[in-house]
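Trainee: For reference, the sequence and a predicted model appear below.
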Amino acid sequence: MMRSGLVKTERAPDPMALPQGDLGLLDSDVAARLLASTELARLAYVAADGTPRVFPMLFHWTGADVVMSTFEGTRKIAALRARPDVAITIDRASTPPEVLLIRGQATVTDVEGVVPEYALAQRRYAGPEQAAVNLAEVDHPGTRMARIAVRPTWVGVLDFQTRLPGGTGIEEFQRRGRAGYGNEDEREDG
């Protein structure tokens, strides 16, 4: 079953053929692997002082939102409420690497107790026994957390086999590498 709720058929379009930015890339095998992985999500946002921040976080994919959590009183809560535009990277340092890039707006919700997706993430990252220990340490009267949900508005996938930075094919990417070409910052699609 794909994210869109459609059943894959042999004539279904290949999500990897979609352009960077297309939400259909969430249906790709690379995205599915990374969203189900125990890799950390790296949340990029603008802090209250106007400087950029990147923070690695446990996450849970709901099928619609990337959900992260933090405890009450952290500076990122106010920063995300003031400037909700964020970027997320989930990547695997394999050979070749796999990268999922997401842009969207963070919605921050105060929660009394443990954020449900935090508990789910703990189980996925730590396993059921360690998750129970970790949750017991924080789940007590007075615990307040913030649920940070990001609904993707832009998605990019890099697998360094068929999808490369700058939207190039493998031959062009190799040619640029041999020629020492270019500044990746000049291209918006990777």
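Mentor: Done, it's in.
Trainee: Helices of this structure, residue ranges please.
Mentor: For the chain, the helices defined by DSSP state H cover 29-35, 75-82, 116-126, 128-138, 170-179.
Trainee: Between helix 116-126 and the fourth one, find me the angle.
Mentor: Right, the one you point to is helix 128-138. Comparing the axes of helix 128-138 and helix 116-126 via axes from the mean of the first three to the mean of the last three C-alpha atoms, to 10 degrees yields an angle of 140 degrees.
Trainee: so what does helix 128-138 touch, helix or strand wise?
Mentor: Applying 3 or more C-beta pairs under 8 Å, 6 or more residues apart in numbering; DSSP states H and E, one finds that helix 128-138 contacts helix 116-126. Quick note: C-beta positions are derived from backbone N, CA and C, even for glycine.
Trainee: Distance check, Gly63 against Phe160.
Mentor: Going from Gly63 to Phe160 by C-beta to C-beta, to the nearest Å gives 26 Å.
Trainee: Likewise for Ala93?
Mentor: To Phe160, Ala93 is 12 Å away according to C-beta to C-beta.
Trainee: quick one: which of those two has more around it?
Mentor: The residue with more neighbours, out of Ala93 and Phe160, is Phe160; 15 against 8, by other C-beta atoms under 10 Å.
Trainee: least trustworthy helix or strand in the protein by mean pLDDT?
Mentor: Scoring the helices and strands of the chain by mean pLDDT, DSSP states H and E places helix 170-179 at the bottom, with a mean of 70.
Trainee: quick one: contacts for Val54?
Mentor: By C-beta atoms under 8 Å, 6 or more residues apart in numbering, the residues touching Val54 are Arg42, Leu43, Ala44.
Trainee: scratch that, Ala48 is what I was asking about
Mentor: Residues in contact with Ala48, defined by C-beta under 8 Å, 6+ apart, are Arg75, Ala78, Ala79, Ala82.
Trainee: Which pLDDT value belongs to it?
Mentor: In this model, Ala48 is scored at 92, pLDDT.
Trainee: circling back: which among the contacts of Ala48 count as buried?
Mentor: Neighbour-count burial (16 or more other C-beta atoms under 10 Å) applied to the contacts of Ala48 gives Ala79.
Trainee: Most neighbours among the contacts of Val54, which one is it?
Mentor: Neighbour counts for the contacts of Val54, by other C-beta under 10 Å, peak at Leu43, which reaches 24 neighbours.
Trainee: residues contacting it?
Mentor: Contact analysis of Leu43 by C-beta under 8 Å, 6+ apart lists Val54, Phe55, Pro56, Met57, Met68, Lys76, Val86, Ala87, Ile88, Ala106, Ile148, Val150.
Trainee: Give me the distance between the second one and Val30.
Mentor: Pointing back at Phe55 there. 23 Å.
Trainee: Tell me which of those two has more neighbours.
Mentor: Counted by other C-beta under 10 Å, Phe55 and Val30 do not tie: Val30 has more neighbours, with 20 against 15.
Trainee: who are the neighbours in contact with that one?
Mentor: Contacts for Val30 (C-beta under 8 Å, 6+ apart) come out as Met16, Glu98, Val99, Leu100, Val157, Asp159.
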